[in-house]
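Asker: could you work out the structure for the sequence below:
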Amino acid sequence: MSTPRNAPGTEKAAATRPETAANGPATSANVPEAATGGRPAAPFEGRRIRAAIIGAGAIARGSHLPALAALADEGETEIVAAVDIDGDAVKALCADAGIPHAYTDLDRMLEEQRPDLVTICTPPTLHRAQTVAALRAGAWVWCEKPPVPTLADFDAIEAEEGLDGGPYASIVFQHRFGSGARHVKRLIAEGAMGRPLVVHCQTTWYRDTAYYAVPWRGRWETEGGGPAMGHGIHQMDLLLDLLGPWSEVRAMAGRLVHDVETEDVSTALVRFANGALGTVVNSVLSPDEVSRIRIDCERATVELTHLYGHSNEHWRITPAPGVPEADVAAWRDFGADVPSSHLAQLRELVASMRVGERPRSSGADGRTSLELITALYKSAFTDTTVRAGDIGPGDSYYDALHGGAPGWAPVTSEATGPSVSVSGEEVPA
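Answerer: Now for the predicted structure:
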């Protein structure tokens with residue numbers, strides 16, 4: 001997608017000429033009659049939810065399309081359009097997936113197709129403007145992580161959401177969804193295993209120099225942050241979903257290997273509102289790759305070990321001595337296996353749309369992990385402890401994750417050259 005150049009809050013969603021598929025724009029026969037805000041009074045009753053995809057790259061093809069197609073098979077959705085600044089790429093995507101309308105202009109697609117749901121699969125620097133454009137057109141939004149580069153961007157998006165019944169903007173945090181996460185969250189909420197005490201959260205992955213050869217990676221403006229933002233956000237979000245709010249963080253960050261603006265490793269100590277103490281490690285320097293969450297409670301340790309997604313088999317519960325076998329058997333009964341996936345989250349999002357309720361991983365619920373990451377960067381770059389709620393308008397870290405910190409903020413000079421253009425492709429982390 002093209003990147004908007006207008007002032008925040010008045011964004012135009014694309015700056016290129018439109019290009020539609022041969023069968024043309026939507027007609028009155030396949031677009032619902034509008035009422036308030038572009039939506040009818042009962043917008044989804046008795047019909048499929050009309051979805052459009054922004055971005056024709058790997059994440060659209062590999063994750064969003066299969067999830068939408070699976071729900072289409074169940075009679076829940078239909079994909080009516082796709083948009084990308086690269087006309088050839090979006091035509092190919094539509095041809096391969098049987099999508100009827102291809103566009104290179106987001107505004108025109110929103111006007112002509114009037115989708116109910118827009119899924120965003122573009123680099124983070126484009127997310128705010130594209131989300132705002134979709135919300136203003138009356139569409140719900142499902143946006144790839146990281147949602148936006150800053151808390152200021154997130155709050156600007158939330159200000160555009162519907163006040164009651166939507167449309168709402170949600171974030172792709174698929175690791176929250178699935179039978180394992182649901183089961184463990186319930187056990188912790190009910191206190192079955194006792195109070196959470198000690199927590200470990202690690203996203204220790206490996207990315208080589210070729211990975212950072214992609215122009216928009218490793219840069220604050222276009223990627224938003226380093227591994228804390230672009231990689232570890234999934235495990236941190238899942239951890240917060242399981243444990244509840246964090247209260248303070250003390251962090252360090254380093255640029256140990258890669259020639260990038262952002263960090264390539266960070267560590268943090270986190271205190272949670274429930275009193276638990278945790279460590280968080282995010283790295284792209286670790287050849288033995290793993291994604292891991294461990295929570296030591298009074299009566300048991302629960303551990304999740306995986307890489308890019310989990311099913312029931314990736315969870316392990318170890319009881320403390322003396323715990324009755326019947327309790328342990330109940331804890332280890334995860335039920336039918338529903339792996340974490342885009343499909344699992346999208347199914348819940350569509351259900352929320354049909355009843356007009358704010359979906360999980362949106363609003364305050366979606367903001368919590370971005371606030372933790374922002375606090376992590378501020379703590380690391382200022383050598384201070386940062387508490388929940390500390391960062392708001394007027395704080396330099398509210399508007400940029402580097403906060404203007406010497407040695408971390410981008411250096412603007414003739415030597416840096418012009419801005420790098422960004423392709424309309426989001427790829428898996």
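Asker: and Val259, how many neighbours?
Answerer: Slight slip there: residue 259 is Asp, not Val. 9 (other CB atoms under 10 Å). Any C-beta I mention is one placed from the backbone N, CA and C, and that applies to glycine too.
Asker: again, but for the one 3 residues further on
Answerer: Using other CB under 10 Å, Thr262 has 27 other residues around it.
Asker: dump the residue contacts of the closest residue to Asp241 other than its chain neighbours.
Answerer: Spatial nearest neighbour of Asp241, chain neighbours left out: Arg176 (4.8 Å); criterion: CB to CB, 6 or more residues apart in numbering. Neighbouring residues of Arg176 by CB atoms under 8 Å, 6 or more residues apart in numbering: Asp237, Leu238, Asp241, Ser340, Gln345, Arg360, Ser361.
Asker: now Arg176. Its backbone dihedrals?
Answerer: When read as degrees, to the nearest 10, the backbone of Arg176 gives phi -70, psi -20.
Asker: read off the pLDDT value for it.
Answerer: At Arg176, the model reports a pLDDT of 97.
Asker: how close does it sit to Leu242?
Answerer: Note on Arg176: its distance to Leu242, by CB to CB, to the nearest Å, is 9 Å.
Asker: just the contacts of Arg176: which are in helices?
Answerer: Counting by DSSP state H, these place Asp237, Leu238, Asp241, Gln345 in helices.
Asker: please, where are all the strands along the stretch 301-429 of the chain?
Answerer: Assigned by DSSP state E, counting those that start in this stretch, the strands in the stretch 301-429 of the chain fall at 315-319, 386-387.
Asker: which of those strands sits most buried?
Answerer: Among the strands of the stretch 301-429 of the chain, ranked by average contacts under mean count of other CB atoms under 10 Å, first place goes to strand 386-387 (a mean of 19).
Asker: what pairs with it, parallel or antiparallel?
Answerer: Take DSSP bridges as the rule and strand 386-387 pairs in its sheet with strand 246-254 (antiparallel).
Asker: got the contact list for the helix or strand just after the partner strand?
Answerer: Counting by DSSP states H and E, the next helix or strand C-terminal to strand 246-254 is strand 265-272. Here strand 265-272 makes contact (CB under 8 Å, 6+ apart) with 196, 199, 226-228, 232, 243-254, 256, 277-285, 372, 376, 379-380.
Asker: and what of stretch 149-160?
Answerer: Contacts of stretch 149-160 (CB under 8 Å, 6+ apart): 8-9, 124-125, 127-128, 131-132, 135-136, 147-148, 169, 220-221, 224-225, 229, 363, 366-367, 370-371, 374, 391-393, 397-401.
Asker: and those residues, which of them are buried?
Answerer: Buried residues within the contacts of stretch 149-160, counting neighbours by 16 or more other CB atoms under 10 Å: 124-125, 127-128, 131-132, 135-136, 147-148, 169, 220-221, 224-225, 229, 363, 366-367, 370-371, 374, 391, 397-401.
Asker: so which of the residues you listed belong to helices?
Answerer: Under the assignment DSSP H, these contribute 127-128, 131-132, 135-136, 220-221, 229, 363, 366-367, 370-371, 374, 397-399 to helices.
Asker: which residues in this protein form helices?
Answerer: 58-59, 65-73, 87-97, 106-113, 127-136, 151-158, 179-190, 220-223, 227-230, 233-243, 325-331, 342-355, 363-382, 396-399.
Asker: the fifth one versus helix 151-158: what angle between them?
Answerer: Between helix 127-136 and helix 151-158, the angle comes out at 10 degrees (axes from the mean of the first three to the mean of the last three CA atoms, to 10 degrees).
Asker: follow-up on the earlier one: let's have the contacts of Arg176 in CSV, adding distance to Trp142, neighbour count and pLDDT.
Answerer: Listed next are those as CSV, based on distance: CB to CB, whole Å; neighbours: other CB atoms under 10 Å; pLDDT from 0 to 100:
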residue, distance to Trp142, neighbour count, pLDDT
Asp237, 15, 24, 98
Leu238, 18, 25, 98
Asp241, 17, 21, 98
Ser340, 16, 26, 98
Gln345, 8, 24, 98
Arg360, 12, 18, 96
Ser361, 9, 27, 97
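Asker: export those residues to TSV and tack on distance to Asp88?
Answerer: TSV is the format used below for the contacts of Arg176 (distance: CB to CB, whole Å):
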residue	distance to Asp88
Asp237	35
Leu238	37
Asp241	39
Ser340	33
Gln345	30
Arg360	36
Ser361	33
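Asker: and those, which is closest to Gly407?
Answerer: Ranked by distance to Gly407 (CB to CB), these are led by Asp237 at 28.0 Å.
Asker: ok, that closest one touching Val172?
Answerer: No. Between Asp237 and Val172 there is no contact under CB atoms under 8 Å: 10.2 Å.
Asker: between these two, what contacts are shared?
Answerer: Joint contacts of Asp237 and Val172 (CB under 8 Å, 6+ apart) are Lys145, Ser361.
Asker: quick one: Asp288 from Arg294, how far?
Answerer: To Arg294, Asp288 is 16 Å away according to CB to CB.
Asker: who has more neighbours, the two?
Answerer: Shown here are Asp288 and Arg294; by other CB under 10 Å, Arg294 has more neighbours (19 against 7).
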